[in-house]
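Q: sharing a sequence plus its predicted fold:
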Amino acid sequence: MQVIPAIDLRGGLCVRLRQGDYDRETVFGDDPAAMAGRWVSEGATRIHLVDLDGAKAGKPVNVDAVRAVVQSVPVPCQLGGGVRDEKTIETWLEAGIERVIVGTQALRDPSWFRSMAEKHPGRLVLGLDARDGMVATDGWLETSNVSAAELAGRFDDLPLAAIIYTDIARDGTLEGPNLDATAALCRRVKTSVIASGGVGELADVDRLAALPVVGCIVGRALYEGKFSLADAVERAGRASARP
């Protein structure tokens with residue numbers, strides 16, 4: 001299981017939101033590229049980027065900061081936030097992003113998402129952000145009447161790179177991931193699943209590594225020094241090596 005550090009961008013700064021609330025923001029740094037370099041030095045083999053401004057605006061905003069990150073690290077980067085048209089996908093791919101995450105627009109326009117996934121095989125990720133099991137959209141400002149599992153099932157035949165499942169109630173907290181919902185999603189689909197939200201201690205890394213997930217995204221716990229990325233990578237590697 002890959003441990004993937006998150007860098008959330010707002011106004012060019014590294015921030016974290018609590019439960020997706022833009023009014024509950026903590027700034028952790030003013031140099032995203034330097035932050036990415038730190039995580040790579042501690043063993044990161046992938047960086048997770050979120051354009052928080054883009055999620056609200058519905059278009060790329062933190063492009064310069066993203067380019068700086070991509071150019072500064074030797075590992076692939078994935079990015080989400082406001083990806084709602086083909087031009088945005090192409091903007092991020094041209095900026096050097098390996099995987100582009102689509103959430104809101106996949107729900108709003110399934111046929112468009114299908115066409116994009118088929119046009120860019122292995123380059124798109126379905127971002128499933130859920131509140132009480134239902135898909136949240138528009139930077140988590142709205143909640144739909146479609147369940148995360150149902151939406152994942154609709155697109156399981158596509159050549160997606162992965163599905164990222166985030167329980168909003170856990171995101172930006174240190175309360176532990178939603179293991180039951182994550183495991184249920186893994187059972188529902190054949191597409192690789194990456195868990196996100198709530199990792200607060202090394203034991204959470206162990207618990208996720210016991211599930212059939214290919215990665216877990218970690219944010220606040222790293223920034224607040226609850227554990228080091230190096231320790232998390234080592235724990236995930238040890239768990240993956242078990243027979």
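A: Cool, got the structure.
Q: which element is K87 on?
A: helix 86-94 (DSSP states H and E).
Q: same for the helix or strand that that helix is followed by, what does it pack against?
A: Downstream of helix 86-94, the next assigned helix or strand under DSSP H and E is strand 99-102. With contacts taken as 3 or more Cβ pairs under 8 Å, 6 or more residues apart in numbering; DSSP states H and E, strand 99-102 sits against strand 77-80, helix 86-94, strand 124-131. Heads up, the C-betas are built off the backbone N, CA and C, glycines and all.
Q: mind giving me JSON lines with those and columns for distance to G37, mean pLDDT and mean neighbour count?
A: Formatted as JSON lines, these follow (distance: least, Cβ to Cβ, whole Å; pLDDT from 0 to 100; neighbours: other Cβ atoms under 10 Å):
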{"stretch": "strand 77-80", "distance to G37": "12", "mean pLDDT": "97", "mean neighbour count": "25"}
{"stretch": "helix 86-94", "distance to G37": "20", "mean pLDDT": "96", "mean neighbour count": "16"}
{"stretch": "strand 124-131", "distance to G37": "23", "mean pLDDT": "91", "mean neighbour count": "25"}
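Q: any chance of those in a markdown table with distance to E42 as columns?
A: Below are these laid out as a markdown table (distance: least, Cβ to Cβ, whole Å):
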| stretch | distance to E42 |
| --- | --- |
| strand 77-80 | 16 |
| helix 86-94 | 25 |
| strand 124-131 | 23 |
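Q: which stretches in the protein count as helices?
A: 32-41, 52-57, 63-72, 86-94, 104-108, 110-119, 148-154, 179-188, 202-209, 220-223, 229-240 (DSSP state H).
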